[in-house]
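**Q** Sequence plus predicted model, see below.
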Amino acid sequence: MAISSISMLTPTQGLQEPNKLTTTPYEAQQNFAATLKEAIAQVNTAQIQSDAMTNKLINGGNVDLHEVMIAAQKASITLNATMEIRNKAVEAYQEIMRMSV
């Protein structure tokens, strides 16, 4: 997902298409699910790449140790961040369920 600069947006850009800003709950759910699946796929890709590089190093392949360590750290950080996000989501869900209607 690319992050664009704020300076690239014009002040009236949001006003030109007011119907684009409203989404149905179903569309919001689908967008959230797609974003979540994409993030989990990226974490999985990092884990697979780290495992492949580690196996290549173990088997004597042409790979530098520092590249293997960097890949392992990236995989570890992405997994830890994903777990923290999951924990916060579960915590938010539990807090919502405790609310009285």
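**A** In hand now; what should we look at?
**Q** what's the weakest-modelled helix or strand in the chain?
**A** Of all the helices and strands that make up the chain, helix 13-16 has the lowest average by mean pLDDT, DSSP states H and E, namely a mean of 54.
**Q** Give the rounded mean pLDDT of stretch 94-101.
**A** Mean pLDDT, computed over stretch 94-101, is 91.
**Q** and the closest residue to E67 other than its chain neighbours, helix, strand or coil?
**A** Residue nearest to E67 in three dimensions, not counting chain neighbours: M53, with 6.6 Å by Cβ to Cβ, 6 or more residues apart in numbering. For the C-beta atoms, the positions are set from N, CA and C on the backbone; glycine is no exception. Classification of M53 using DSSP: H, G, I helix; E, B strand; the rest coil returns helix.
**Q** wait, M53 sits on V68?
**A** Yes. Counting by Cβ atoms under 8 Å, M53 touches V68, with 4.7 Å between them.
**Q** which of the residues in stretch 29-47 are buried?
**A** For stretch 29-47, a neighbour-count test (16 or more other Cβ atoms under 10 Å) marks 43, 46-47 as buried.
**Q** Helices - which of those land there?
**A** Within the buried residues of stretch 29-47, residues falling in helices by DSSP state H are 43, 46-47.
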